[in-house]
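K.L.:
just to be clear, the model below is a prediction. Sequence and coordinates:
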Amino acid sequence: MATQKTPRIDPLTLEVVDLIGTVVARYHEEYEEAAAEHALTGAQARLLSLLSLEPLPMRRLAQQLKCEPSNVTGIVDRLEARGLVERRPDPADRRVKLAAATEEGRQVARSLRDSLNFAREPLAGLSDDERLSLRDLLRRMLEA
């Protein structure tokens, strides 16, 4: 049986990977803290943020959150009990239920988004050209 050689990764790539990991970890930490200030879990906050953009079927929410539909049902139930989310029939297919943020839910999602300073503050220190370059590089990475 032949053994596969792991390709060597250059020090610059290792440093970039490490920096990306640190940025992601700091973002998640701040996101969890912001969610807790609104008495939400991170998952509830992410779901509410998605629904503040548009109503979505439960299956699509599960796909976007990368979890089981039964988990989404529980999260929606808890947000619905707080008046932040409502269920409504899909106008295109009345057999499908959409979850939608209420006005109060949209206000909480806006407040949550406004309280996230970690990414916004350092990005404000970059020029427009630097932010455009960073955006384009991140898009390229995600497309690969």
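P.N.:
That came in fine, so what should we check first? Residues are numbered from 1 along each chain as shown.

K.L.:
now the biggest strand by length in the chain: mean pLDDT?
P.N.:
As assigned by DSSP state E, the longest strand anywhere in the chain is strand 93-101. The average pLDDT within strand 93-101 is 92.

K.L.:
ditto for stretch 48-61
P.N.:
Across stretch 48-61, the average pLDDT comes to 94.

K.L.:
related to what we said a few turns ago, what does the longest strand of the chain contact?
P.N.:
By Cβ atoms under 8 Å, 6 or more residues apart in numbering, the residues outside strand 93-101 that reach it are 47-48, 51-52, 55-58, 61, 72, 76, 84-90, 109. Heads up, the C-betas are built off the backbone N, CA and C, glycines and all.

K.L.:
could you redo the last one with a cut-off of 6 Å?
P.N.:
51, 52, 55, 57, 76, 85, 86, 87, 88, 90 (Cβ atoms under 6 Å, 6 or more residues apart in numbering).

K.L.:
pull up the pairing partners for it, direction included.
P.N.:
Partners of strand 93-101 in the sheet, by DSSP bridges, are strand 56-57 (antiparallel), strand 85-90 (antiparallel).

K.L.:
what number of residues lie near residue 50?
P.N.:
Around residue 50 there are 18 other residues, counting by other Cβ atoms under 10 Å.

K.L.:
contacting residues around residue 23?
P.N.:
Contacts of residue 23 by Cβ under 6 Å, 6+ apart: none found.

K.L.:
how near is it to residue 78?
P.N.:
30 Å (Cβ to Cβ, to the nearest Å).
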